[in-house]
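[1] I'd like to go over a predicted model; first the sequence, then the structure.
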There are 4 protein chains.
Amino acid sequence: MKPIRAGVLGATGAVGQRFVQLLDANPWFEITALAASERSVGRPYHEACTWRLSADSPASVRDIVVKPCAPGLDCDLVFSALPSSVAGPVEIEMAAAGYGVLSNASAHRMDPDVPLLIPEVNPEHLALLDTQRANRGWDKGFIVTDPNCSTVGMTLALKPLHDAFGISRVIVTTMQALSGAGYPGVPSLDIIDNVVPFIRNEEDKLIDEPRKLLGALRPGSDGIEMAEVTISPSCNRVATRDGHMEVMSIEFRHKPTREAIVEALASFPSKPYQMGCPSAVDPTIIVRSEDDRPQPVLDRNVGNGMAITVGRIRPCEVFDYKLVTLSHNTLRGAASGSVLNAEIMAAQGMLS
Amino acid sequence: MKPIRAGVLGATGAVGQRFVQLLDANPWFEITALAASERSVGRPYHEACTWRLSADSPASVRDIVVKPCAPGLDCDLVFSALPSSVAGPVEIEMAAAGYGVLSNASAHRMDPDVPLLIPEVNPEHLALLDTQRANRGWDKGFIVTDPNCSTVGMTLALKPLHDAFGISRVIVTTMQALSGAGYPGVPSLDIIDNVVPFIRNEEDKLIDEPRKLLGALRPGSDGIEMAEVTISPSCNRVATRDGHMEVMSIEFRHKPTREAIVEALASFPSKPYQMGCPSAVDPTIIVRSEDDRPQPVLDRNVGNGMAITVGRIRPCEVFDYKLVTLSHNTLRGAASGSVLNAEIMAAQGMLS
Amino acid sequence: MKPIRAGVLGATGAVGQRFVQLLDANPWFEITALAASERSVGRPYHEACTWRLSADSPASVRDIVVKPCAPGLDCDLVFSALPSSVAGPVEIEMAAAGYGVLSNASAHRMDPDVPLLIPEVNPEHLALLDTQRANRGWDKGFIVTDPNCSTVGMTLALKPLHDAFGISRVIVTTMQALSGAGYPGVPSLDIIDNVVPFIRNEEDKLIDEPRKLLGALRPGSDGIEMAEVTISPSCNRVATRDGHMEVMSIEFRHKPTREAIVEALASFPSKPYQMGCPSAVDPTIIVRSEDDRPQPVLDRNVGNGMAITVGRIRPCEVFDYKLVTLSHNTLRGAASGSVLNAEIMAAQGMLS
Amino acid sequence: MKPIRAGVLGATGAVGQRFVQLLDANPWFEITALAASERSVGRPYHEACTWRLSADSPASVRDIVVKPCAPGLDCDLVFSALPSSVAGPVEIEMAAAGYGVLSNASAHRMDPDVPLLIPEVNPEHLALLDTQRANRGWDKGFIVTDPNCSTVGMTLALKPLHDAFGISRVIVTTMQALSGAGYPGVPSLDIIDNVVPFIRNEEDKLIDEPRKLLGALRPGSDGIEMAEVTISPSCNRVATRDGHMEVMSIEFRHKPTREAIVEALASFPSKPYQMGCPSAVDPTIIVRSEDDRPQPVLDRNVGNGMAITVGRIRPCEVFDYKLVTLSHNTLRGAASGSVLNAEIMAAQGMLS
């Protein structure tokens, strides 16, 4: 039997299904509760949920009866795939009731006492949880969030470069996959033979979240000092199923050589991998030298969708260097990311 | 009968077919010659050419027998849709033989005595033709080129802003349509559910061509002073049939208000329209205020594909302003652009 | 001024927008009323409607204030683009109030006293209107319906063949475009890199509607004798924007030669064209001899989307002949079809 | 070390890459030779081949130097992914030189003494090899072929039904994936927003190959008595990457109930699975009851791409029953199929 009993909030949606798929195959977590909206409550999961990731939902969860998204779930921690509109109060309620909440929703990401976590980037931010529990009067419950799907690939690529050379300014243009909008999400008539140069609320997240992720834990763990990096994003939806591409022009404080950039990216260490987390991979960052990579169909699944790929590293005529990143938006950028957050907590004894 | 007798070089290819389609419907030009490679020579056009723009090629050209791409064509000027690999010497040979050459190929675009022309942007550059003929000892022949398809939309948007406020630096990321690669062009397995972050030779053109287009004619018309604008492009191929999207962050020498930018774009005058050129449209630049525009399927055909659309004009966190442009790559960005070049020459009596 | 004052019911939806686009350009009809659901009522059309057919809705309708779908509209006839779920009673109410109703909805198509009309196929069925008015006690109002979008292409191809050779059995497999599902319609994640082998309620329509269209008006015009043609349909959704492809194997009562089939299709006369209806085209049926036609991107717009294309006419190993048809589903198969229904009525003085 | 030393002919092409990918992971075969055309000979595989199946080619084959497609290869059997235009004589030459040839090419499929093999369908046809060697004077070499990719799914679905109820006539319409055309294959401009109702030479294969596969071995193993099944195919290319959909209407000699059809399909035994072949799966045929299945993105990979999915089993208005099948065209329908052919031979001691 697997050691940790987990539930999923919003289990029937697009990201919720990814959580179910991943946790079913994860050696550390056992799915013991599935929760969703009113409409699904009381029905076995395979009836409540139109499974869209493969032919069938995992056999182990088919007969779990869906519960409401509220305390009373038979599990120790919950992965939240709730829509942002409802996640805010529900996650608070769950944490107050003693559940660990690993959230993929945006509601609490920028709360000063909530870790916004990519385990390879800022594992030390988990120290905020002491402050969080003190602030909120929680006993053992907590909220840990993962970033927006478009933030993840970008920040993973920036982290080793920021550490080594200091990043001052970034202009980033994204080409984001359809699964980022959930289901039903983007109507087919809006995207076949088309590009939509806008994703609601997305650019604000790309401006702020990397600054928190790259920021320093304040003395006493009472907050995060945002990194001094200015980011200008332009977000676009394109006709790919999975995999967010991000084109960046980067200005550095200390000008590196191209070789130094490649070296910093390719040798980026993974703390969760070193600690034995089953979802962590090594390398986390794949650097490619071909002219025409990364590409979603070729590169999005490397490292079970947990590695990111960086290519086209070359001088920028305006800033210092240009490059392109690709990350799997519903794995690295969503469900697998939250699972890895839980794993690094478990590896450090924070889930017992 | 139409006044000007025109031929098409490379008439069976993707851009060649667009020339045929456009000239057939143009009130000023009559197609009297079609030329293509060895394989097609001697065959009626409708047999030599697999028409791919609509159900059938125009009735008026079906029976024209294809000739070699060399002097001897029964026409006064030729529109060149030749691949760049062969365009260089052929276009020279044609001009030397007395033909006017309106070229869509890149071979001579950056030659100091060859006008690189967008009639709304730099009609005065046509004065280079005197130098060109003097330099090369040509009597009445000439070469006038139009820019690369991705240059056109970008430069049309930059021109009124550069005139009004001075542009110093631009970072541009493109999402370009499949028709820009010709036929057969991009294999379907390379683009369904995919994005390719690379287009061979494209970025160099985006760095240089706008600087020539925005540049000033030197005294004595003996060349172009390149504009002092630094451009950093990143070019991507996406799964759209037609229409190049370009996302730009722009740094100005004199900071405008957003209203001033909109006003400069929306009131951009069209000299060819004022002169009565049949392919010119007014306005040339459509400014849209919706969050999610321009989009290829909605906006690429405005003004018969000769207007460009600019949207998402907003402050840039890093530079001054960001915006998105869309232009039809095989109309505005290729065949229609060359036809308009010929029209403004005709309107000024330069083709008689 | 145009002679006939027309309204559109469901004017903000996908088919409703097509009606608006077509009527705006039609010489016989003037749009004097636009009606839609609660949410849109009281707002100018350009605010109530997110226009999805091109850059902008026609200038002439932008400021028309949307009304409820009920009597009181300032017009003589209405084109109904209502969803089938609400069309039934609303269309009855409008007809009872004296409006002519040209409906694209399925609600009344199979009513015995309602003409299901393709003007080139069964114009004589309009004689049912006398029975309809008598049955229902209507003074000048009426309901005339057009068939389901997948019925139209199929039936236009079958009509000349049925008249000449008698059709006994047809097995038909469709590959239908996304616009047939309206907006938002098919989610992009359901169709990018995918085919869905099912369209709800579609196959039943393909079984029944052609039999009524090909049927004979009973003596005394009191109904339609259904044609004795057995049809087995399989309907599929594919990733095309517009244009329904239909692959048919046909068994004839009298075996024709291939030449006779081509001749019957290519010479099919158009009564509405002969009567001068502005939306009618000639030929209505384009027969192509290439191996690989028809194709949506090449052939869907022939004859302003009012002609259908038939290709791949060849012997069937099981029945007698196989062929492929293509028709534009929202023009020929929906809005333009209804407009042509109105035109042939006008041409016969039935709208005065 | 794996017991059987295998080579791949045409190793750099689309199907060749699938062979390499599969054999690398197969417990019974070791890749000891890779062969391709002139252009690739003498280069390490990872340089000769632009890998298109995932991020990188398998590490174990990267440095194998590509050899010519001729005797002299260091292996015991070869998998042939040669284009049909060259496969004929090369495969003969290899077999004559003592190699076992497992071919995916069409050249020898219909030769009377060559087994056309689907191991679950007609394993007894391997007895033809005695006749083949006697006829051709071969010592230990042989040729065994697998069917065309569109034949496989269809025939697997028909086999249990033909055995149980006798099939007399089938009308089948296919919607085939792009990978079936190899690389570069279908140009993107031919398929984005499009369907092509034609695949060269495909329909002939669908008429003949199932009749051989379902046929009986003649007494004395000197040939195959073709099954008396008449098939009328219509083949279409659609915008999917992998997975051929096939819509069938079937006439039976003995009319089954729907339940009997489901039972026959779902209980279809797999001889290669029973014999322990590592590529075989059980069940081979997945029967689905949802209205809208199978679908390529959901169902093509079931059973590692070796199972087929059958859905929409329902009465046919014209014949007896209609259904839809889906099979992975480059796995079940090509490379994995050939590997399974080799496995069942190995399991029976025919490769020693």
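    That came in fine, so what should we check first?
[2] Distance-wise, check A:Glu120 relative to A:Ile285.
    As judged by CB to CB, to the nearest Å, A:Glu120 and A:Ile285 stand 9 Å apart. Yep, even glycine has a C-beta here, placed from its N, CA and C like the rest.
[3] and for these two, which residues touch both?
    Between them, A:Glu120 and A:Ile285 have A:156, A:268 as joint contacts when contacts are counted by CB atoms under 8 Å, 6 or more residues apart in numbering or on different chains.
[4] Surely A:Gly311 touches A:Lys322?
    No. At 10.6 Å, A:Gly311 does not count as touching A:Lys322 under the criterion of CB atoms under 8 Å.
[5] So for the residue located most distally from the centre of chain A, what's the nearest residue that isn't a sequence neighbour?
    With CA atoms, centre = their mean as the measure, chain A has its most outlying C-alpha, relative to the mean C-alpha position, at A:Glu317: 31.7 Å. Taking CB to CB, 6 or more residues apart in numbering or on different chains as the measure, A:Glu317 lies nearest to B:Ser232, with 4.0 Å between them; neighbours along the chain are not counted.
[6] which stretches of the stretch 51-200 of chain A form helices?
    Counting by DSSP state H, counting those that start in this stretch, one finds helices in the stretch 51-200 of chain A at the ranges A:84-96, A:128-136, A:149-165.
[7] near chain D, which residues of the stretch 151-300 of chain A?
    Where the stretch 151-300 of chain A comes near chain D, counting by CB under 8 Å from any CB of the partner chain, the residues are A:192-193, A:241, A:286, A:297-299.
[8] now, which of those lie close to chain B?
    A:193, A:241, A:297.
[9] And A:Val20, how far from A:Ala81?
    Looking at A:Val20 against A:Ala81, where the rule is CB to CB, the gap reads 9 Å.
[10] tell me, what's touching these two both at once?
    Common neighbours of A:Val20 and A:Ala81 (CB under 8 Å, 6+ apart) are A:8, A:11.
[11] By neighbour count, which of the ones next to chain B among the residues of the stretch 151-300 of chain A next to chain D wins?
    Neighbours here are counted as other CB atoms under 10 Å in any protein chain shown. On that basis the top member of these is A:Asp193, with 25 neighbours.
[12] tell me the contacts of the closest residue to A:Asn194 other than its chain neighbours?
    Closest residue to A:Asn194 apart from its sequence neighbours, by CB to CB, 6+ apart: B:Val297 at 4.5 Å. For B:Val297, the contacting residues are A:193-194, B:243, C:241, by CB under 8 Å, 6+ apart.
[13] The stretch 151-300 of chain A against chain B: which residues are in contact?
    A:169-171, A:173, A:175, A:193-198, A:200, A:207, A:230-234, A:236, A:238-241, A:245, A:247, A:249, A:291-297.
[14] quick check: mean pLDDT across stretch A:36-48?
    Mean pLDDT, stretch A:36-48: 97.
[15] of all the contacts of B:Val297, which comes closest to D:Phe29?
    Nearest to D:Phe29 among these: A:Asp193, at 43.0 Å, using CB to CB.
[16] State the number of residues packed around the closest residue to A:Cys277 other than its chain neighbours.
    Closest residue in space to A:Cys277, ignoring its immediate chain neighbours: A:Glu343 at 3.8 Å, by CB to CB, 6+ apart. The number of residues packed around A:Glu343, counting by other CB under 10 Å, is 26.
[17] ok, now how distant is A:Glu343 from chain B?
    Separation of A:Glu343 from chain B (CB to the nearest CB, to the nearest Å) stands at 30 Å.
[18] Now do the contacts for that residue.
    Residues counted as contacts of A:Glu343 (CB under 8 Å, 6+ apart) are A:28, A:119, A:272, A:277-280.
[19] Confirm it sits in a strand?
    No. Per DSSP: H, G, I helix; E, B strand; the rest coil, A:Glu343 lies outside any strand segment and is helix.
[20] Dump the ones next to chain B among the residues of the stretch 151-300 of chain A next to chain D to CSV, plus pLDDT.
    As requested, those are exported to CSV (pLDDT from 0 to 100):
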residue, pLDDT
A:Asp193, 98
A:Arg241, 98
A:Val297, 98
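[21] Would you format these as TSV with distance to C:Val339 included?
    Conversion of those to TSV gives the following (distance: CB to CB, whole Å):
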residue	distance to C:Val339
A:Asp193	26
A:Arg241	38
A:Val297	43
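[22] So which of these is the closest to C:Ala335?
    A:Asp193 (20.9 Å).
[23] and the gap between that closest one and A:Pro278?
    Relative to A:Pro278, A:Asp193 is positioned 41 Å away (CB to CB).
[24] repeat for A:Val61
    Computed as CB to CB, the A:Val61 to A:Pro278 distance reads 19 Å.
[25] Please apply the same query to A:Gln132.
    With the distance defined as CB to CB, A:Gln132 ends up 26 Å from A:Pro278.
[26] With neighbour numbers in mind, choose between the two.
    Regarding A:Gln132 and A:Pro278, a neighbour count based on other CB under 10 Å identifies A:Gln132 as having more, with 23 against 16.
[27] neighbours of the closest residue to the more buried one other than its chain neighbours, just the number please.
    Distances taken as CB to CB, 6+ apart place A:Asp113 nearest to A:Gln132, at 4.2 Å, with adjacent residues excluded. A:Asp113 is surrounded by 19 other residues when neighbours are defined as other CB under 10 Å.
[28] residues contacting A:Asp113?
    When the contact criterion is CB under 8 Å, 6+ apart, the partners of A:Asp113 are A:128, A:131-132, A:135-136, A:222-223.
[29] run the last query once more with 7 Å
    If you count contacts by CB atoms under 7 Å, 6 or more residues apart in numbering or on different chains, A:Asp113 has them with A:128, A:131-132, A:135.
[30] Run through the residues of the stretch 201-350 of chain A sitting next to chain C.
    With the criterion set to CB under 7 Å from any CB of the partner chain, the stretch 201-350 of chain A comes near chain C through A:239, A:241.
[31] where along the stretch 201-350 of chain A do the strands fall?
    Secondary structure of the stretch 201-350 of chain A by DSSP state E, counting those that start in this stretch: the strands cover A:216-217, A:224-225, A:230-237, A:244-252, A:285-287, A:308-315, A:321-327.
[32] now for the longest one, which elements pack on it?
    Spelled out, that is strand A:244-252. When contacts are defined as 3 or more CB pairs under 7 Å, 6 or more residues apart in numbering or on different chains; DSSP states H and E, strand A:244-252 packs onto helix A:149-165, strand A:167-176, strand A:321-327.
[33] And chain A, what are its domain boundaries?
    As recorded under automatic domain parsing, the domains making up chain A are A:4-148+A:335-347, A:149-328.
[34] first to last residue in the longest one, what's the distance?
    Its start and end residues considered, domain A:149-328 measures 8 Å (CA to CA, to the nearest Å).
[35] Over to stretch A:293-300?
    Stretch A:293-300: ends 11 Å apart by CA to CA.
[36] Need the buried ones from the residues of the stretch 151-300 of chain A next to chain B selected in ChimeraX.
    The ChimeraX command for the buried members of those (criterion: 16 or more other CB atoms under 10 Å in any protein chain shown) is given here:
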select /A:169,170,171,173,175,193,194,195,196,197,198,207,230,231,232,233,234,236,238,239,240,241,245,247,249,292,293,294,295,296,297
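[37] so the residue nearest to A:Glu203 when sequence neighbours are not counted bridges to which residues?
    Taking CB to CB, 6+ apart as the measure, A:Glu203 lies nearest to A:Pro233, with 4.6 Å between them; neighbours along the chain are not counted. A:Pro233 forms beta bridges with A:Val172, as assigned by DSSP bridges.
[38] got the contact list for A:Leu158?
    With contacts defined as CB under 7 Å, 6+ apart, the neighbours of A:Leu158 are A:167, A:210, A:214.
[39] Of those residues, just say which sits nearest to chain D.
    Within these, the smallest distance to chain D is 25.4 Å, found for A:Pro210 (CB to the nearest CB).
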